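J.: Pasting the sequence and the predicted model now:
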Amino acid sequence: MLHLRAVCPPERTEEAIRILRAHAGTAHLIVHRGVAVEPEGDLIEADVAREAADGIVESLCGLDLDHTGGITLEALDTAVSDAADKAEEDAPGEAADAVVWQELVGRSGEESRLTWTFQAFLTIACLLAAVGVITNSSVTIVGAMVVGPEFGPLAAIAIGLVLRRGDLVKQGAVALLGGFPIAMAITLGVVLAGNATGVLEVSKLADNHEVDFVYQVGIASLIVALLAGAAGMLSMTSAKSAALVGVFISVTTVPAAGYAVVAAVAGQWERCLYSAGQLLVNLIGIVAAAAIVLMVRRRGQRSRVTERPLSRG
């Protein structure tokens, strides 16, 4: 269940109440008249089934509440109520399969900005990958995969393509096109300094076969990227965030960037180019698979809504 709050201008309150009352996925409807200060108006609260939330929010936005008032959603861990149980039973579809598109857009927007925090995580991940390549440590490479924050912008691009939101595509692209070069440039400086002082020796790169998978690009790389992109988007849309850790470990985006830097310093230009190809294949594969998953889920959600009545009889 989700807890919905909507601030309404007084002239829109009754229409909003009718929408919530009519929907089969609504329970515990409460109206506080005249309590909203900024913007002024009434506050409506209700518990809604997750599978009904997207339709309800869309209907409330049809009243222009997203501009004249406000709508918020908050997850409920526990709802001990027959009314809540009935709302979840009557709502079309299953909660685990439901996508709240406004929530998804909001999350992807937050996680795809080129911020200092994003850049710091990406740089640290790239540095870890470079160290893992130099020391022939696959464990360190896995650590770099987990730390890397690049799935957020990739997901934003996929969501933007499916929903035709150019702002999300642009925001995700800026984060990737700005973040990776900066992270790689910093990593290049660290590797050059380390190699010059003998702390990080790149001369033995050709013998480090434990991490060869990072630069060996091929059809298997594309398959892994596609599967990871699909799993990542399924995780985002079903609120199964724990599965994202497995997605991060399976993707060789940041490791490929780190390997390209180390190979360049070592003068292994063929491996450097292969690593860049690995990075590109993974980025494209993840976005493509994530977009396909979104399109399938969107179509499936619409078909389930039309198969079951949304309104109370």
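T.: Arrived safely, thanks for sending.
J.: looking at the sheet around the residue lying closest to residue 16 once chain neighbours are set aside, what are its partners?
T.: Nearest residue to residue 16, sequence neighbours excluded (CB to CB, 6 or more residues apart in numbering): residue 8, at 5.1 Å. All C-beta spots, glycine's among them, are computed from the backbone N, C-alpha and C. Beta-bridge pairing for residue 8 (DSSP bridges): residue 42.
J.: what about residue 8, distance to residue 225?
T.: According to CB to CB, to the nearest Å, residue 8 stands 45 Å off from residue 225.
J.: again, but for residue 163
T.: 22 Å.
J.: what do you get for residue 231?
T.: 11 Å.
J.: Show me which of those two is the more surrounded one.
T.: Neighbour tally, residue 231 and residue 225, criterion other CB atoms under 10 Å: the higher count belongs to residue 225, 25 against 21.
J.: List the contacts of that one.
T.: 251, 281-286, 289 (CB atoms under 8 Å, 6 or more residues apart in numbering).
J.: Looking at these, state which has the most neighbours.
T.: Going by other CB under 10 Å, residue 286 tops the contacts of residue 225 with 29 neighbours.
J.: how about it, what does it touch?
T.: 151, 154, 158, 225-226, 228-229, 232, 251, 253.
J.: any chance of the residues you listed in a markdown table, with distance to residue 41 and secondary structure too?
T.: A markdown table is the format used below for these (distance: CB to CB, whole Å; DSSP: H, G, I helix; E, B strand; the rest coil):
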| residue | distance to residue 41 | secondary structure |
| --- | --- | --- |
| 151 | 38 | helix |
| 154 | 39 | helix |
| 158 | 36 | helix |
| 225 | 48 | helix |
| 226 | 47 | helix |
| 228 | 45 | helix |
| 229 | 42 | helix |
| 232 | 39 | helix |
| 251 | 46 | coil |
| 253 | 46 | coil |
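J.: mind putting these in a markdown table, distance to residue 86 and pLDDT included?
T.: As requested, the contacts of residue 286 are exported to a markdown table (distance: CB to CB, whole Å; pLDDT from 0 to 100):
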| residue | distance to residue 86 | pLDDT |
| --- | --- | --- |
| 151 | 37 | 89 |
| 154 | 39 | 93 |
| 158 | 35 | 94 |
| 225 | 43 | 90 |
| 226 | 40 | 91 |
| 228 | 39 | 88 |
| 229 | 37 | 89 |
| 232 | 34 | 85 |
| 251 | 42 | 72 |
| 253 | 45 | 89 |
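J.: Can you tell me which of these is nearest residue 185?
T.: Nearest to residue 185 out of the contacts of residue 286 is residue 253 (CB to CB; 16.8 Å).
J.: mind checking the longest strand of this protein?
T.: strand 26-37 (DSSP state E).
J.: helices or strands next to that strand in the packing?
T.: Counting contacts by 3 or more CB pairs under 8 Å, 6 or more residues apart in numbering; DSSP states H and E, strand 26-37 is packed against helix 10-22, strand 40-48, helix 82-90.
J.: Could you rerun that using 10 Å?
T.: Packed against strand 26-37 by the contact rule (3 or more CB pairs under 10 Å, 6 or more residues apart in numbering; DSSP states H and E) you find strand 2-8, helix 10-22, strand 40-48, helix 50-61, helix 82-90.
J.: Indicate which one of the ones you listed is closest to residue 173.
T.: Of these, nearest to residue 173 by CB to CB is helix 50-61, at 26.4 Å.
J.: and that closest one, average pLDDT?
T.: For helix 50-61, mean pLDDT rounds to 87.
J.: Go ahead and produce CSV holding the CA coordinates of that helix.
T.: Only the C-alpha atoms of helix 50-61 are listed here, as CSV (Å, rounded to 0.1, in the frame of the first residue of the first chain):
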residue,chain,number,x,y,z
ARG,A,50,0.3,0.2,-5.4
GLU,A,51,-1.2,-1.3,-8.5
ALA,A,52,-3.8,1.5,-8.5
ALA,A,53,-1.5,4.4,-7.7
ASP,A,54,-0.5,5.3,-11.2
GLY,A,55,-4.1,5.6,-12.5
ILE,A,56,-5.1,7.6,-9.4
VAL,A,57,-2.2,10.0,-9.7
GLU,A,58,-2.9,10.4,-13.4
SER,A,59,-6.5,11.3,-12.7
LEU,A,60,-5.6,13.8,-10.0
CYS,A,61,-3.1,15.4,-12.4
